[in-house]
Each structure stands twice: as structure tokens, then as C-alpha cells.
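Peer 1: curious how this folds, go ahead:
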Amino acid sequence: MREKRSYAQEVCVKSAGKAMQRTGMIRPGCRIGVAVSGGVDSFVLLKTLHIRQGIVPFRFEIMAIHLNPGFDPQSHMPLAAWLSRHGIPSHLEVTDFGPQAHSAGNQRRSPCFRCAWLRRKRLFELCARYRLTHLALGHNAEDLVSTFFMNLCRNGRVDGMSMNEPFFGGKLHLIRPLGFDISERAVRRAGLDYWHLVEVFDYESLDDFFEKRPEAAQDCWLTTTKAPRSYQEARFSPDSWIFFGKETAGLPMDFRERFRERCIRLPMIDEARSLNLSNTVAVCVYEALRQNGFPGLLGVGEMAENS
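Peer 2: Model (predicted):
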């Protein structure tokens, strides 16, 4: 027997259904991670998606993800009990993000920014661990207005948040030793207001990487000036992994020999030792995106509206 829903629930469920149909944000087989803070907005989102599971004509999965900031390690227990009663899979984790953000070691940064940065990074890591295809966040109308004015005042952009933000699988896997600084201060300066669009993963070595990501060996491409073929000969798939080395030394020789038939290079003059790393990444990644139809990316700008 269907659970009787209130008028407010009916409005939420129907509005969510229309949004899903209009944007095509959910498809058969989706695995959705729902970021549940414990507040009203994210809980309504979780409840709405749970109800939609019984309405849509196809199957999709949801998983509640709660990151306790660490001020009260027991504060999430009522949520845990509710999830258990309704049979909703979950990942509940007690962190130290709150105390860390308010510690003496974070005096030069906003505690809210630090906590949000740590939380978002952890959410992306969990999405990768559980192979989730979507991350649902309980943003409300006030959040949309705040984002609009923050972009306008801080970045000079008339921009806000859409209901469906594609991340086009933007994952950055860093394998040590690194030749650059990845501290919060450095990435904030380099990534500006785009850094939140990237999922960053860190590994101690190539062995550590392949132990955690064994699937990468099945479809990888190695960029090196010593390659026997051009990057244009590579056939990139949505599951391809592209490796880049340091400008000074490149990728290790034994690694190149292991995947000799998957080594590619960008055409360049004889006198040059190598191309700039960021330029090489941009060329190869956009070629991979082009071959796959630029998934999730807009192909036209605002000028198209007036033509």
C-alpha cells in the first residue's frame, strides 16, 4: 500500500519529476549519491528521490552520504536510524573537518571555506569509491541567489547554478613524486573559481595507483616525446586514462616500455625538448572529448541566441 503523502510532498515529488524529464538528468541504471547534511533541504531531497524510485518506469539507485563535521560524533544517529528503517544504503562518516577548520592552523582562511573544501573533496572521493554516477546536493532558492551575487561581485560574471551541472568526468589523478605545490593556497590561486569542478585523487606511486585503479591498465595512453605515433592516432573512449609526465624528465622508462603500443606524442620541432605540460594536457584532453562528442559540454555560446 502506498504511503499517504502530504500536499507539500506531492508538490516536491511532481516538481522533481518535471525537472528530471526536462533535463534528462536521471537515466536507467543511475547510481546517485545524495549529500545529506542533516538539514531540511538535503533531507527533503533524499526523501523526494526515494519516493521517485517507486514512480519512474526504470530502476535507479540512491545512496545517502553524510559527513559529520566532528563537533558532535553522535549527532547523525537519528539520521542513521531513519535510513535503516527505510532501507536506504548509506555512508555515514565522522570527520574532523569542523575542528580542523576552526583550529589555530587555519587562522588565515575562512573556516566555512576550509570545511566546505574538505567536505566537497571527500564527497568526490566517495563517489569514485562507490562508482556513483551522480552527486545530488540540496541547494535551495536562497543558495541560487547567493551564488548569483557572489559571481557578480567577485568574478564579474552574470552566472548562477543550473539544476543539472555536468562534470564530464573531470578527474585529476596525481601520482607522486609531484613537481608542483598542491596546497589549498596554491590550487585556489591556480584554479580560481573552477577548482570545485575537478575531482582530485592523490597516489604515493605508480604501483599505488594501479593497485587502486587496476582498470586503468585496460585503456591507457601515455604522452611522451619518445612515442612512435601522433596523438591523432589514439582512439580515446569514455573510459580512457591519459598519463602525463614532468616536462623535464617525462614518464618513467619502464612505464613507457610496459605500454609501448599506447605511447603518443604531439608533433613538435626537433629543437624543442618538450611542450608545456598544461598545453599538452589541454590538447590531448580536448581531442579525447572531441572523439566522444564533447559529453556534457556546451557547443555554442550566447551569440547563438541572436543569430
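
Peer 1: residue closest to the middle of the chain?
Peer 2: Centroid-nearest residue in the chain, with CA atoms, centre = their mean: residue 199, separated by 4.3 Å.

Peer 1: tell me which helix or strand the spatially closest residue to it that is not a sequence neighbour sits in.
Peer 2: The spatially closest residue to residue 199, leaving aside those adjacent along the chain, is residue 124, at 3.9 Å (CB to CB, 6 or more residues apart in numbering). (Glycine included, C-beta is placed from N, CA and C.) Using DSSP states H and E, residue 124 maps to helix 111-129.

Peer 1: which residues sit against that helix?
Peer 2: Residues from elsewhere that reach helix 111-129 (CB atoms under 8 Å, 6 or more residues apart in numbering): 33, 35, 65, 67, 69, 91, 93, 95, 97-98, 100-102, 106, 132, 135, 171, 184, 196, 199-201.

Peer 1: mind listing the strands for the stretch 1-150 of the chain?
Peer 2: 31-35, 61-68, 90-94, 134-136 (DSSP state E, counting those that start in this stretch).

Peer 1: show me what the shortest one is packed against.
Peer 2: It refers to strand 134-136. strand 31-35, helix 111-129 (3 or more CB pairs under 8 Å, 6 or more residues apart in numbering; DSSP states H and E).

Peer 1: tell me what angle the last one forms with strand 61-68.
Peer 2: To tie it back to what came earlier, the one meant is helix 111-129. 140 degrees (axes from the mean of the first three to the mean of the last three CA atoms, to 10 degrees).

Peer 1: numbering from 527 from now on, please.
Peer 2: All set: I'll call the first residue 527, so the last point we hit is now helix 637-655.

Peer 1: so the residue nearest to the centre of the chain makes contact with residue 697?
Peer 2: Yes: if you go by CB atoms under 8 Å, residue 725 and residue 697 touch, sitting 4.6 Å apart.

Peer 1: so can I have a markdown table of the helices and strands packed on strand 660-662 showing distance to residue 585?
Peer 2: Formatted as a markdown table, the helices and strands packed on strand 660-662 follow (distance: least, CB to CB, whole Å):
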| stretch | distance to residue 585 |
| --- | --- |
| strand 557-561 | 10 |
| helix 637-655 | 19 |
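
Peer 1: between these, which one is closest to residue 573.
Peer 2: strand 557-561 (9.7 Å; CB to CB).

Peer 1: coming back round to it: how about the helix holding residue 650: buried residues?
Peer 2: Using 16 or more other CB atoms under 10 Å as the test for burial, helix 637-655 gives 637, 640, 641, 643, 644, 645, 646, 647, 649, 650, 652, 653.

Peer 1: how far off strand 616-620 does it point, in degrees?
Peer 2: 140 degrees.

Peer 1: let me know the average pLDDT across helix 637-655.
Peer 2: For helix 637-655, the mean pLDDT works out to 82.

Peer 1: how about stretch 785-796?
Peer 2: Mean per-residue pLDDT for stretch 785-796: 94.

Peer 1: ok, now stretch 661-672?
Peer 2: In this model, stretch 661-672 has an average pLDDT of 80.

Peer 1: how far does that stretch sit from its chain's centre?
Peer 2: 17 Å (CA atoms, centre = their mean, to the nearest Å).

Peer 1: with stretch 652-671 instead?
Peer 2: 9 Å.

Peer 1: so, low pLDDT: which residues of the chain?
Peer 2: 527-528, 634-635, 677, 680-696, 705-708, 710-723, 821-833 (pLDDT under 70).

Peer 1: in it, which spans are helices?
Peer 2: Ranges of helices in the chain, per DSSP state H, are 533-549, 566-579, 603-611, 623-627, 637-655, 667-676, 710-717, 732-738, 779-784, 803-817.

Peer 1: what's the burial count for residue 805?
Peer 2: When neighbours are counted by other CB atoms under 10 Å, residue 805 registers 10.

Peer 1: ok, residue 548 to residue 541 distance?
Peer 2: Relative to residue 541, residue 548 is positioned 11 Å away (CB to CB, to the nearest Å).

Peer 1: swap that for residue 530, please
Peer 2: Look at residue 530 and residue 541: by CB to CB, they are 19 Å apart.
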